[in-house]
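> Build the 3D model from these lines:
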Amino acid sequence: MQNQHLECPRCAFEAVSRLATSPVPGVWDVLQCDRCLYTWRTTEPARRTRRDAYPDLFKLTPADLDNAIEVPAIPPLRAA
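Residues are numbered from 1 along each chain as shown. Just a heads-up that it's a prediction; the model follows:
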């Protein structure tokens, strides 16, 4: 997958990995950006799968990612 020329719709990074493939060959793949971790299925509409159609409000730049706050850790489960 990384050898194909794909681009992340959200941040335009060109390293994209395949996370899953349809049980029926060739129907869909789930892809993930190696930089921003945006994940999408190839059968989703263009506004979710193509950079030129992705909403400008949600696009990220390298500076956005470099200055992003750390994602908080998931707290431990509470005892039942």
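> can you list the weak-confidence ranges in this structure?
Where the chain drops to pLDDT under 70, the residues are 1-5.
> what about the strands in it?
16-21, 29-33, 39-41 (DSSP state E).
> Contacts for the last one, please.
Strand 39-41 is contacted from outside by 9, 19, 28, 29, 30, 31, 32, 33, 48, 49, using Cβ atoms under 8 Å, 6 or more residues apart in numbering. Heads up, the C-betas are built off the backbone N, CA and C, glycines and all.
> quick one: the fourth one and residue 68, what's the gap?
This means residue 29. Distance of residue 29 to residue 68, computed by Cβ to Cβ, to the nearest Å: 27 Å.
> ok, now the first one?
Remark: distance between residue 9 and residue 68 (Cβ to Cβ) = 18 Å.
> so who does the closest residue in space to residue 20 that isn't next to it in sequence touch?
Distance criterion Cβ to Cβ, 6 or more residues apart in numbering; nearest residue to residue 20, sequence neighbours excluded, is residue 30 at 4.1 Å. Residues near residue 30 by Cβ under 8 Å, 6+ apart: 18, 19, 20, 21, 39, 40, 41, 42.
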